[in-house]
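Pasting a predicted model and its sequence here:
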2 protein chains.
Amino acid sequence: MLKLYDNAFAPSPRRVRMFLAEKGLVFETVPVDIAAGETASADFLAVNPLGELPVLELEDGTRLRESLAICRYLEAMHPEPALLGRDDRERAEIESIVLQLMFRVYVPTTHAFRHTHKFWAGRIAQVPEYGALARQSVLSEWQRLDGDLSSREFLAGDRFSFADIVGYTTLEFGKPSGIRLQEDQANLRRWHAAIAARPSAKA
Amino acid sequence: MLKLYDNAFAPSPRRVRMFLAEKGLVFETVPVDIAAGETASADFLAVNPLGELPVLELEDGTRLRESLAICRYLEAMHPEPALLGRDDRERAEIESIVLQLMFRVYVPTTHAFRHTHKFWAGRIAQVPEYGALARQSVLSEWQRLDGDLSSREFLAGDRFSFADIVGYTTLEFGKPSGIRLQEDQANLRRWHAAIAARPSAKA
């Protein structure tokens, strides 16, 4: 059976859990407690020398890393429902939206958390002034995406895709850093409610 | 003919130029002067509303964004030589290395540049203390990669791949921020010399 090295609160393994749920794939999880330092333990570093979650272990023991690479592999093995595009043009369009979300929204969301949240105080060198800038850039990106969603149902067009998984899990992960939808972002609120209502959002 | 909206000094379009050169594909370029503010001009925002390079325009006028998505599309159209993997497992392995390079090396390299270099002074809010941390994390990553290269010829294994293009262009882009190979990084120096000797490195 597929085995996911997982953490309930981290956004990257959650992307893979949602993807697996949308594909209807059965998997077991190995919980790894980031707060207790387990990602830096010798046991886990033997699984992933970079100390990062998620890791997906295939039935033959092969271990895949990086959520985007893991989901692409799963899509190749289980093409339906297509979450990364049905042809090469659509794949390029969805991937470009996914990467924009990762670099323009996800990365600064993690930086806002790392540089301003008390969870990281004493664990890393925090620069709150930079964290505040990162948070502001994330809020600007969500405002832009609210505009984009005025003319499309989902983040990458008129069909649910991996872009929505990346967007939804990133938005949820912003909450501890005070990153939330604004009252007047009607398009984003409509989109968020639609994604939250999918069974995979509970994964 | 393929048309690349390009900039000679930016690392993201350079990735695509190297990829096109390795594939032996002919293309024309449309130079966009970032320093003169052209990526924020109305003309360019009509090409890419995000104001980012590169953009690849196909012969039918379709415009693709994001260097990783562009290269994957080109690989699908022109599979040989394979730069993203020859089967799904190898594709997952190469993609995971590419993503690690992007998130752990490329992103902090750009942040070191943005937060410490005089080019950005007055253009953005700089936080030099954060830029110094970003630079330090990049130097640590290159030290780790020097170790990885003791047991492999290239960044993703024993064959040249897109991971080497991402690594090489990222390392070159570190120079203005004082990010360079160290004297004792013999594996990295061997790898860097091998990539620099490829004709595509001049692209």
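Here it is on my side, so go on.

From now on I want contacts and neighbour counts done on CA atoms only, so please keep to that.
Fine.

Around chain B, which positions in chain A sit nearby?
Within chain A, the positions adjacent to chain B are A:64-66, A:68-70, A:72-73, A:76, A:88-89, A:91-93, A:95-96, A:99-100, A:127, A:129-130 by Cα under 8 Å from any Cα of the partner chain.

Give me the buried subset of these.
Buried members of those, scored by 16 or more other Cα atoms under 10 Å in any protein chain shown, are A:64-66, A:68-70, A:72-73, A:89, A:91-93, A:95-96, A:99-100, A:127, A:129-130.

Quick check: pLDDT value at A:Asn98.
Slight slip there: residue A:98 is Val, not Asn. Predicted confidence (pLDDT) for A:Val98: 98.

Settle this for me: it is touching A:Ile165, isn't it.
No. With contacts counted by Cα atoms under 8 Å, A:Val98 stays clear of A:Ile165, the gap being 9.2 Å.

Next, the buried residues of stretch A:101-112.
Neighbour-count burial for stretch A:101-112 flags A:Leu101, A:Met102, A:Arg104, A:Val105, A:Tyr106, A:Val107, A:Pro108, A:Thr109, A:Thr110, A:His111, A:Ala112 (criterion: 16+ other Cα under 10 Å).

Kindly provide the distance from the first one to chain B.
To tie it back to what came earlier, the one meant is A:Leu101. As judged by Cα to the nearest Cα, to the nearest Å, A:Leu101 and chain B stand 11 Å apart.

Contacts only, for that residue.
A:Leu101 is in contact with A:Ala163, A:Val166, A:Gly167, counting by Cα atoms under 8 Å, 6 or more residues apart in numbering or on different chains.

Mind checking the pLDDT average for the longest helix seen in chain A?
When chain A is scanned for its longest helix (criterion: DSSP state H), the result is helix A:128-148. For helix A:128-148, mean pLDDT is 98.

Report pLDDT for the closest residue to A:Leu83 other than its chain neighbours.
Of all residues not flanking A:Leu83 in the chain, A:Ser161 sits nearest, at 4.4 Å (Cα to Cα, 6 or more residues apart in numbering or on different chains). Note on A:Ser161: pLDDT of 98.

swap in A:Phe119?
Note on A:Phe119: pLDDT of 89.

distance of it from chain B?
The gap separating A:Phe119 from chain B is 19 Å, by Cα to the nearest Cα.

Can I take it that that residue is in a strand?
No. Under the criterion used here (DSSP: H, G, I helix; E, B strand; the rest coil), A:Phe119 is helix, not part of a strand.

Tell me which of the residues of chain A next to chain B fall in strands.
Members of the residues of chain A next to chain B lying in strands (criterion: DSSP state E): A:Leu64, A:Arg65.

if we look at stretch A:22-37, which residues are touching it?
A:1-8, A:20, A:38-39, A:78, A:80-81, A:200.

which of the residues you listed count as buried?
Among these, those buried by neighbour count (16+ other Cα under 10 Å) are A:Lys3, A:Leu4, A:Tyr5, A:Asp6, A:Asn7, A:Leu20, A:Thr39, A:Ser200.

Can you lay out those residues as a markdown table showing secondary structure?
A markdown table is the format used below for these (three-state DSSP):
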| residue | secondary structure |
| --- | --- |
| A:Lys3 | strand |
| A:Leu4 | strand |
| A:Tyr5 | strand |
| A:Asp6 | strand |
| A:Asn7 | coil |
| A:Leu20 | helix |
| A:Thr39 | helix |
| A:Ser200 | helix |
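
Just the closest of the buried residues of stretch A:101-112 to chain B, please.
Nearest to chain B out of the buried residues of stretch A:101-112 is A:Val107 (Cα to the nearest Cα; 8.2 Å).

In a strand, the closest one, correct?
No. Applying three-state DSSP, one finds A:Val107 to be helix, outside a strand.

Any idea how far apart the tips of stretch A:34-50 sit?
End-to-end distance of stretch A:34-50 (Cα to Cα, to the nearest Å): 13 Å.

can you pull the buried residues of it?
By neighbour count on 16+ other Cα under 10 Å, the buried set for stretch A:34-50 is A:Ile34, A:Thr39, A:Ala40, A:Phe44, A:Val47, A:Asn48.

How about stretch A:112-123?
Counting neighbours by 16+ other Cα under 10 Å, one finds that the buried residues in stretch A:112-123 are A:Ala112, A:Phe113, A:Arg114, A:His115, A:Thr116, A:His117.

how close does the closest residue to the fifth one other than its chain neighbours get to B:Glu172?
The shortest distance from A:Thr116 to any residue other than its chain neighbours is 5.2 Å, reached at A:Pro128 (Cα to Cα, 6+ apart). The gap separating A:Pro128 from B:Glu172 is 30 Å, by Cα to Cα.

What of A:Leu64?
Relative to B:Glu172, and taking Cα to Cα, A:Leu64 is found at 29 Å.

again, but for A:Ser137
Counting by Cα to Cα, the separation of A:Ser137 from B:Glu172 is 27 Å.

Of those two, give the one with the bigger neighbour count.
Here A:Ser137 and B:Glu172 are compared on neighbour count by other Cα atoms under 10 Å in any protein chain shown; more neighbours surround A:Ser137, at 17 against 14.

contacting residues around that one?
Contacts of A:Ser137 by Cα under 8 Å, 6+ apart are A:Val105, A:Pro108.

Which residues does stretch A:85-94 contact?
With Cα under 8 Å, 6+ apart, stretch A:85-94 has contacts from A:Leu84, A:Ala156, A:Ser161, A:Phe162, A:Ala163, B:Leu64, B:Arg65, B:Ala69, B:Ile70, B:Arg72, B:Tyr73, B:Ala76.

Ok, stretch A:155-162 next?
For stretch A:155-162, contacts defined as Cα under 8 Å, 6+ apart pick out A:19, A:82-85, A:93-94, A:97-98, A:145, A:148-149, A:152-154, A:163-164, A:167.

Can you give the domain ranges for chain A?
Residue ranges for the domains of chain A, per automatic domain parsing: A:2-77, A:88-202.

how far out from the middle of the chain is the last one?
When you say that, I think you mean domain A:88-202. 9 Å (Cα atoms, centre = their mean, to the nearest Å).

what's the answer for stretch A:60-75, then?
Centre to centre, stretch against its chain (Cα atoms, centre = their mean), the figure for stretch A:60-75 is 14 Å.
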